[in-house]
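Enquirer: take a look and give me a structure for this.
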Amino acid sequence: MTKALHPLSAHGNQSICLVRQPPSWRSSVTLVSAVLLFSVLASVVFVAFPMPFTGVVSEPFYYTVTKPLRLCANSSTVSHSGYIGLKGDTEVDPKRSYFWYFEAEETPAYAPIILTIGGGPGTSGLNNAMMGQSACLVKEEGLVANPNRWTEKHNLIVLDHPIGVGYSYGTHINNSRAAAYDVYDFLQKFFVLFPQLSGNKFVISGGSYGGVYVPNIATVIHEQNQLLSRGKGRRGAVPIALDALILSNPFTNPEAHFRWLLQYRCMDHHVYNATDCMRLYAELPACLDSVAMALQHPSVANRVAAAKLCYERMNAPDTHGTVHEDIRRKCTPASDTPGACRPQVGWMNTVFNDAHVKRQLGVPASIKFTGLNKEVNAEFLAAGDLIQAHHLMYPPLLAAGIRLLHYIGMQDSNCPWPGIFSFLKLLETPFQDEFIAVEDRPWPTTDVGTVRAAGPGAGNMTMILLAEAGHFTVGDQPALAKRIVETWIANRAWFETD
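Expert: Below is the predicted model:
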C-alpha cells in the first residue's frame, strides 16, 4: 500500500494532516476535520511535515502538528504541538499522546533532547514544564516567557504520559511497563516527524512518580536499542541515543521510602507530633513486612495490599498546617481547597482549558485538561504499579554507560531525601564503592546543600541535595535547576577546581 500524506482539510494557511491509514480510517476525515478545523483568524499554523517514507516505521499512523505563534508573552522560542496516534489507535478507540516540542534556541538540529513527563500517577507533563523547564511559565495572568528555560541549549519534548493524562486521550493502560512501550512507540513516530533529531543525545527527566516511569522508559529504550544492534527489534525503528537520566525527588524504591519516612517526618523534622509519631512507629514493621512480601511474591493482590496498608497506617491525619511538599510552608485545613496550597494548580487548569490556548496548541475543544487525572491514578494503583523494585532497573543502565542524576529538594516530606539516598547507596553498580566513599562536596553558594558524584565529569551516578527546595525543585529554585541540568547534560565538572 502506498503511504502518503492525506490532507484532511485546508483553510487559508492551515492544514491538518493524517498519514494515510487502511480504509476503516478514511471515515475519520469528517470527524477530525470537524474537531480541528479552525477559523483562518486563529493564530495557528498546522504544518504538513513531509514524511520520509524510507522504512522508518512499518505502519502508518495518525498525527497532527501545530506551530503555536507567541503563545507565551515575550517569548520567541519556536515550538510545535500536537498528537501522535500510538499502537492500537483507531477512529473508534483512539489512543493519542499529546506533546509540545520546544526547539533549542542554539543549534536545535544538533542540541540534546530532554523528554520531560509528569508524576502522580496521572499528572500532566505540562506541570513541570510550565513550572520552570520550558520557554513558557504559568502565572496567575497566564503564560509568560521563562527567563530560566532549559530550552536555550536543549530541545525539550513535553509529553502527557500515560494516555488519559493532561491532553492525551483514548484507551488507557494501567502500568508503567506498558506505558514505557507507549513512550517508545511515540518516540519512533516523533522521529519520523522530526527526523533531524533522531541521532541527538537523549535525556529523560521526571520526578515524584517519575521515579517509577523513568527507569521503565529508559529500560525499554535500552532493551530495544540492544535488539536493534543485533539486527532484531521493531521493524524500521531507529536507535535512540539514550545518554542520561534526571530525577527530582522521586519515589522509586518503596521499601527504602517507607523505612526512612518517619525518620524525616518525626526525627529530623516535626511534621507530626510526638503522639502520632509513637503510633506510626508501632505500625512501621507491618508496613515493611507487607512491602517485603509484595517484592518477594509480586502478585497484584500483594502489591495493592502493601500500598493500601502503608499509606493508610504511615500517614498522620494532621500535619498542623505543614505542607508535605515543602515543610517550610503552612496551609491550614480550612484553606486547603483546590489551588489554596498550590495556586499553580488552579492557574494550569485555567490556562489549558482556555479555548484560545487549545486552538493554539491544536487540542480538540472537547478535551478537558486536568493537572491530575484521578481515573488514571486509581487504575495504576489498582494494578499494584507502585510497590515494585523499580530501582533494580538502574544497575544495568549504569553498567551500559547511561548516567543517573538525582537532584533532591531537602524540604520535601512527600518523597524525603533519606530514603532516596539509602537505595542509591545500596545499588550494586560499577560506581557503588565510589558513590559510598566519595565526600559530599558543599556547593559554593548558600542555596544548595551538597554534591556527591561518582565518575568523571559531572559523574555517572550523582546526587545533589538542594537545601532550599521542596518537592517541586524546578519551581522552587529555577535558576539553579537550569544550571544543574546544563552542567549534567554537558557532563562538565561541578566545580572549577575539579
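
Enquirer: after the lengthiest helix in the chain, next one along is what?
Expert: The residue-count maximum for a helix in the chain (DSSP state H) belongs to helix 274-296. The element immediately downstream of helix 274-296 (helix or strand, assigned by DSSP states H and E) is helix 300-313.

Enquirer: what stretches of the stretch 51-200 of the chain score poorly on pLDDT?
Expert: Scanning the stretch 51-200 of the chain for pLDDT under 70 picks out the ranges 51-58, 74.

Enquirer: tell me what the longest helix of the chain is packed against?
Expert: When contacts are defined as 3 or more CB pairs under 8 Å, 6 or more residues apart in numbering; DSSP states H and E, helix 274-296 sits against helix 254-262, helix 300-313. Using the backbone N, CA and C atoms, a C-beta is placed for each residue, glycine as well.

Enquirer: tell me the angle the longest one makes with helix 254-262.
Expert: With axes from the mean of the first three to the mean of the last three CA atoms, to 10 degrees defining the directions, helix 300-313 sits at 10 degrees from helix 254-262.

Enquirer: hmm, who's touching helix 300-313?
Expert: Contact with helix 300-313 is made by 254, 258, 280, 283, 286-287, 290-291, 293-294, 381-388, as judged by CB atoms under 8 Å, 6 or more residues apart in numbering.

Enquirer: including mean pLDDT and distance to Asp276, could the helices and strands packed on helix 274-296 go into JSON lines?
Expert: Listed next are those as JSON lines, based on pLDDT from 0 to 100; distance: least, CB to CB, whole Å:
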{"stretch": "helix 254-262", "mean pLDDT": "96", "distance to Asp276": "10"}
{"stretch": "helix 300-313", "mean pLDDT": "95", "distance to Asp276": "12"}
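
Enquirer: select, out of these, the one closest to Trp488.
Expert: Closest approach to Trp488 among these (CB to CB): helix 254-262, 23.0 Å.

Enquirer: got the angle for the closest one vs helix 274-296?
Expert: Helix 254-262 runs at 170 degrees relative to helix 274-296, counting by the same axes, to 10 degrees.

Enquirer: by contact count, what packs against helix 254-262?
Expert: helix 274-296, helix 300-313, helix 417-426.

Enquirer: how about it as CSV, C-alpha atoms only?
Expert: C-alpha atoms of helix 254-262 as CSV (Å, rounded to 0.1, in the frame of the first residue of the first chain):
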residue,chain,number,x,y,z
PRO,A,254,9.1,1.5,48.2
GLU,A,255,10.9,-0.3,50.9
ALA,A,256,13.5,2.4,51.4
HIS,A,257,10.8,5.1,51.1
PHE,A,258,8.7,3.8,54.0
ARG,A,259,11.7,2.6,56.1
TRP,A,260,13.1,6.2,56.3
LEU,A,261,9.8,8.2,56.1
LEU,A,262,9.3,8.6,59.8
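
Enquirer: just the buried residues of that helix, please?
Expert: Buried residues in helix 254-262, counted by 16 or more other CB atoms under 10 Å: 254-262.

Enquirer: and stretch 213-224, by the same measure?
Expert: 213-222, 224.

Enquirer: what's the closest of those to Arg149?
Expert: Nearest to Arg149 among the buried residues of stretch 213-224, counting by CB to CB, is Val214 at 21.3 Å.

Enquirer: the host helix or strand of that closest one - what's its average pLDDT?
Expert: Assigning secondary structure by DSSP H and E places Val214 in helix 210-229. Mean pLDDT, helix 210-229: 97.

Enquirer: just checking, what packs against that helix?
Expert: Applying 3+ CB pairs under 8 Å, 6+ apart, one finds that helix 210-229 contacts helix 176-193, strand 202-208, strand 242-250, helix 394-399.

Enquirer: what inclination does that helix have with respect to strand 202-208?
Expert: 160 degrees.

Enquirer: and helix 210-229, how far out from the chain middle?
Expert: 14 Å (CA atoms, centre = their mean, to the nearest Å).

Enquirer: which parts of the longest helix of the chain are buried?
Expert: Neighbour counts over helix 274-296 (16+ other CB under 10 Å) mark 276-277, 280, 284, 287-288, 290-291, 293-295 as buried.

Enquirer: between the residues you listed, which is nearest Pro444?
Expert: Cys277 (36.5 Å).

Enquirer: measure how buried the closest residue to Arg279 other than its chain neighbours is and give me the count.
Expert: Ranked by CB to CB, 6 or more residues apart in numbering and with sequence neighbours excluded, the top spatial neighbour of Arg279 is Ala316, at 7.9 Å. By other CB atoms under 10 Å, the residues close to Ala316 number 17.

Enquirer: next: Phe435.
Expert: By other CB under 10 Å, the residues close to Phe435 number 23.

Enquirer: three-state assignment of it?
Expert: helix (DSSP: H, G, I helix; E, B strand; the rest coil).

Enquirer: ok, it touching Leu424?
Expert: Yes - counting by CB atoms under 8 Å, Phe435 does reach Leu424; the two are 6.9 Å apart.

Enquirer: buried residues, stretch 307-319. List them.
Expert: Within stretch 307-319, the residues scored as buried using 16+ other CB under 10 Å are 307, 309-310, 313-314, 316, 319.

Enquirer: need those residues in TSV (columns: distance to Ile367).
Expert: As requested, these are exported to TSV (distance: CB to CB, whole Å):
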residue	distance to Ile367
Ala307	30
Leu309	37
Cys310	35
Arg313	38
Met314	36
Ala316	38
Thr319	35
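
Enquirer: which of these lies closest to Gly164?
Expert: Using CB to CB, Ala307 comes nearest to Gly164 of the buried residues of stretch 307-319, at 20.0 Å.

Enquirer: state the distance from that closest one to His390.
Expert: 13 Å (CB to CB, to the nearest Å).

Enquirer: repeat that for His320.
Expert: As judged by CB to CB, His320 and His390 stand 32 Å apart.

Enquirer: more neighbours: the two, which one.
Expert: Taking other CB under 10 Å, His320 and His390 do not tie; His390 has more neighbours (23 against 13).

Enquirer: so what's the most centrally placed residue in the chain up against?
Expert: The centroid of the chain falls nearest to Ile117 when counting by CA atoms, centre = their mean (1.7 Å). Residues near Ile117 by CB under 8 Å, 6+ apart: 125, 128, 159, 161, 183, 204-206, 210, 213-214, 217.

Enquirer: how does it look with 6 Å?
Expert: Neighbour list for Ile117: 125, 159, 161, 206, 210, 213 [criterion: CB atoms under 6 Å, 6 or more residues apart in numbering].

Enquirer: what of Asp318?
Expert: No residues are in contact with Asp318 under the rule CB under 6 Å, 6+ apart.

Enquirer: element containing it?
Expert: For Asp318, there is no enclosing helix or strand under DSSP H and E.

Enquirer: could you measure from it over to Leu261?
Expert: Note on Asp318: its distance to Leu261, by CB to CB, is 16 Å.

Enquirer: ok, residues contacting stretch 256-268?
Expert: Outside stretch 256-268, the residues within contact range by CB under 6 Å, 6+ apart are 251, 271-272, 277, 280-281, 287, 310, 413, 416, 418-419, 422-423.

Enquirer: show me which of those residues is closest to Ser229.
Expert: Using CB to CB, Phe423 comes nearest to Ser229 of the contacts of stretch 256-268, at 29.9 Å.

Enquirer: residue at max distance from the center of the protein?
Expert: Distance-from-mean max, the chain, by CA atoms, centre = their mean: Thr275 at 37.3 Å.

Enquirer: need the contact list for the residue nearest to Ser248 when sequence neighbours are not counted.
Expert: The spatially closest residue to Ser248, leaving aside those adjacent along the chain, is Gly207, at 3.6 Å (CB to CB, 6+ apart). Going by CB under 6 Å, 6+ apart, Gly207 touches 119, 248-250.

Enquirer: same thing but 10 Å
Expert: 116-119, 123, 127-128, 213-214, 246-251, 406-409, 412, 415, 471-474 (CB atoms under 10 Å, 6 or more residues apart in numbering).

Enquirer: no more questions from me, cheers.
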